[in-house]
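Okay, here's the prediction I keep looking at, along with the sequence it came from:
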Amino acid sequence: MSETLFDDAGAEAARGQEPLAVRMRPRTLDEVMGQRHLLGSGSPLRRLVEDDAPMSVFLWGPPGTGKTTLATVVSKATRRRFVELSAVNAGVKDVRAVIEEARRRMGMNGTRTLLFVDEVHRFNKTQQDALLPAVENRWVSFIGATTENPFFSVVGPLLSRSLLLTLESLDDADVRVLLSRALTDERGLDGRYTLTDEAADHLVRLAGGDGRRSLTYLEAGALVAGPPAAEPVEITAEHVESAVDRHAVRYDRSGDQHYDVVSAFIKSMRGSDPDAALHYLARMIEAGEDPRFIARRIVVHASEDVGMADPTALQTAVAAAQAVELIGMPEARINLAQAVIHISLAPKSNAVITAIDAAMADVRKGNAGPVPSHLRDGHYKGAADLGHGKGYRYAHDYPGGVAPQTHAPEGLTDREYYRPTEHGAERRISEVLRRIKGVLRGG
């Protein structure tokens with residue numbers, strides 16, 4: 001009995017030392033915040049739990065979105081023995097030992113095992129292959145967590161035998177609920193602390209959709225605010241700033257600060273000032289702005305402010321936007337910064353946006369005459385009788401691949417929408433365009 005008492009006391013002491021994020025880990029699927037697309041009625045994950053079926057699942061999503069939590073909750077809900085391995089320090093020997101023990105327990109008393117592998121993308125091919133027999137024969141239920149795209153980091157045979165579920169970053173409302181719950185729950189701060197509105201806003205910004213980070217920072221803020229007292233201790237934004245050494249960026253994603261900073265960001269790139277542009281990029285990132293929004297603005301301005309003066313700017317911008325989707329933050333900050341520097345230093349031209357806007361203005365005014373007969377589709381029966389395609393000159397039959405003929409509708413043949421500048425690559429394009437127009441108008 002004494003050993004049991006000592007064990008209980010030790011377990012209680014250990015629980016008291018656990019981080020707030022661990023103490024507040026959801027116990028049921030209904031307590032999990034966010035991931036509504038995975039946890040709604042009839043969703044795959046809920047069906048797996050409710051039907052208590054053997055499973056092999058990959059949970060793919062950013063840090064702090066609940067991958068470990070979901071694995072733990074599933075094991076409890078299905079009453080499976082829970083074994084966790086970290087791909088950082090586990091090897092093939094560890095994997096095989098867990099599988100062998102799972103088979104032994106299943107054979108002896110029917111106990112089923114859920115094997116959870118965190119950061120499974122760090123397993124090499126041999127280590128992942130070691131999981132295949134257990135997954136295929138259902139000796140274990142397997143859940144692998146990864147922050148990297150499984151299609152690039154997981155071997156095909158293992159991925160094809162598994163259900164892939166994508167987790168999303170928590171939205172601001174979810175993070176606020178987590179903070180509120182942690183302040184009042186007996187497992188958390190148990191009503192001994194309160195949080196000012198400014199401190200809550202700051203924690204939400206710092207979290208960036210990461211639930212674990214929000215609770216870690218809340219706990220740090222409570223330590224700075226001081227020990228519990230007779231009355232609840234107030235945690236302020238200053239306490240949070242002091243605890244996490246990050247200044248509260250004054251930035252409301254739906255207010256004036258949002259529009260002012262974005263405007264300054266765009267105008268700094270347009271103004272060829274990479275240092276200022278990087279400053280505003282950093283402000284948006286630190287304030288928790290959606291990196292996809294930032295990437296979209298960069299892509300737009302690669303064409304709007306640079307365009308054909310440096311066509312590679314758009315390639316860099318699109319690549320940065322793809323990197324945001326592929327690897328996520330914080331690493332994608334580097335890709336965003338590269339695109340910002342490229343656009344800032346590139347020669348500038350607004351000829352592309354001026355051209356399309358001028359063409360659209362003509363169309364809106366009704367300047368949209370019929371397509372010239374020689375350009376109309378002549379492939380269908382009866383087209384030739386209508387004169388469609390008659391007189392069309394095939395460009396590849398002419399020197400330089402340009403045939404002397406008109407292409408614009410009648411009344412618009414003199415329009416010049418695209419007027420290249422003398423900046424960057426457009427200097428050469430300008431000369432090429434002059435020669436082409438000379439040939440076209442010679443027809």
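Sure, I can see it. Numbers count the residues shown, from 1 in each chain.

what's the host helix or strand of L281 packed up against?
Element membership for L281, per DSSP states H and E: helix 274-286. Contacts defined by 3 or more CB pairs under 8 Å, 6 or more residues apart in numbering; DSSP states H and E place helix 274-286 against helix 256-270, helix 291-301, helix 332-345. Glycine gets a C-beta too; all of them are placed from N, C-alpha and C.

For I353, find the nearest of these.
Ranking these by their distance to I353 (criterion: CB to CB) puts helix 291-301 first, at 9.3 Å.

Mind listing residues that contact the closest one?
Contacts of helix 291-301 with the rest of the structure, by CB atoms under 8 Å, 6 or more residues apart in numbering, involve 262, 265-266, 269-270, 281, 284-285, 314, 317-318, 320-321, 324-325, 328-329, 332-333, 336, 339-340, 343.

just stretch 58-68 next, same as before
Outside of stretch 58-68, the residues within contact range by CB under 8 Å, 6+ apart are 25-26, 32-35, 70-71, 84, 116, 118, 120, 143-150, 154, 159, 162-170, 207, 209-214, 328-329.

Quick check: end-to-end length of that stretch?
11 Å (CA to CA, to the nearest Å).

and it, average pLDDT?
Across stretch 58-68, pLDDT averages out at 88.

what's the answer for stretch 114-133, then?
Computed over stretch 114-133, the mean pLDDT rounds to 91.

in it, what counts as buried?
If you call a residue buried by 16 or more other CB atoms under 10 Å, then stretch 114-133 has these buried ones: 114-123, 127-128, 130-131.

From these, which land in helices?
127-128 (DSSP state H).

was I right about E422 contacting R428?
No - if you go by CB atoms under 8 Å, E422 and R428 don't touch, sitting 9.9 Å apart.

How about stretch 395-407, which residues are buried there?
For stretch 395-407, using 16+ other CB under 10 Å, the buried residues are 402-403, 405.

just these now: which is nearest H374?
Q405 (7.0 Å).

Surely that closest one is in contact with R393?
Yes - here Q405 reaches R393: they are 4.9 Å apart, a contact under CB under 8 Å.

just to revisit the earlier point, list only those of the contacts of helix 291-301 flagged as buried.
262, 265-266, 269-270, 281, 284-285, 314, 317, 320-321, 324, 328-329, 332-333, 336, 339-340, 343.

quick one: contacts for S272?
Counting by CB under 8 Å, 6+ apart, S272 makes contact with 344-345, 348.

ok, now G288?
Contacts of G288 by CB under 8 Å, 6+ apart are 204-209, 253.

How is it assigned, secondary-structure-wise?
coil (DSSP: H, G, I helix; E, B strand; the rest coil).

Give me the buried stretch members for stretch 334-350, please.
Using 16+ other CB under 10 Å as the test for burial, stretch 334-350 gives 335-337, 339-344, 346-350.

ditto for stretch 157-174
Residues of stretch 157-174 classed as buried by neighbour count (16+ other CB under 10 Å): 158-159, 162, 164-165, 167, 169-170, 174.

just to revisit the earlier point, what is the nearest of the buried residues of stretch 114-133 to E50?
Among the buried residues of stretch 114-133, L114 lies closest to E50 (CB to CB), at 15.5 Å.

which residues touch the closest one?
By CB under 8 Å, 6+ apart, the neighbours of L114 are 71, 74-75, 78, 80-83, 140-143.

now the nearest residue to L167 once chain neighbours are set aside: how far from G226?
Spatial nearest neighbour of L167, chain neighbours left out: G61 (2.8 Å); criterion: CB to CB, 6 or more residues apart in numbering. Distance of G61 to G226, computed by CB to CB, to the nearest Å: 36 Å.

secondary structure element for the nearest residue to V244 once chain neighbours are set aside?
For V244, ignoring the flanking residues on the chain, the nearest one in space by CB to CB, 6+ apart is Y217 at 5.2 Å. Assigned by DSSP H and E, Y217 belongs to helix 211-225.
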